[in-house]
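> structure of the sequence below:
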Amino acid sequence: MTSQPDNLMLVYLRRIDEKVDRLSDDVREVNGRMAAVEENLAGVHRRIDRVELRIERIERRLDLADAPH
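Below is the predicted model:
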């Protein structure tokens, strides 16, 4: 009679272990995707910085920019 509850416990523990493994895989995938998003965002920031520099240069050439302080 005591082997039945032990086997049931093992079944539940195995299920929990499988779920934890799946969660671990999901977290690993999310981390990879997040790294890709961060890289892409950094690229966008670099492009925005370059555009801002170009706009400042155009404004200076057209005398639209305020005098530097």
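
> ok, now which ones touch the spatially most central residue of the chain?
With distances taken as Cα atoms, centre = their mean, residue 34 lies nearest the centre of the chain, 1.8 Å away. With contacts defined as Cβ atoms under 8 Å, 6 or more residues apart in numbering, residue 34 has no neighbours. Where you see a C-beta, it was placed from the backbone N, CA and C, and this is true even at glycine.

> contacts for stretch 60-69?
Applying Cβ under 8 Å, 6+ apart, the external contacts of stretch 60-69 come out as 56, 58-59.

> please repeat the previous calculation with a cut-off of 10 Å.
55-59 (Cβ atoms under 10 Å, 6 or more residues apart in numbering).

> so what's residue 56 closest to, chain neighbours aside?
The spatial neighbour of residue 56 that comes closest, neighbours along the chain excluded (Cβ to Cβ, 6 or more residues apart in numbering), is residue 65 at 6.6 Å.

> thanks a lot, see you next time.
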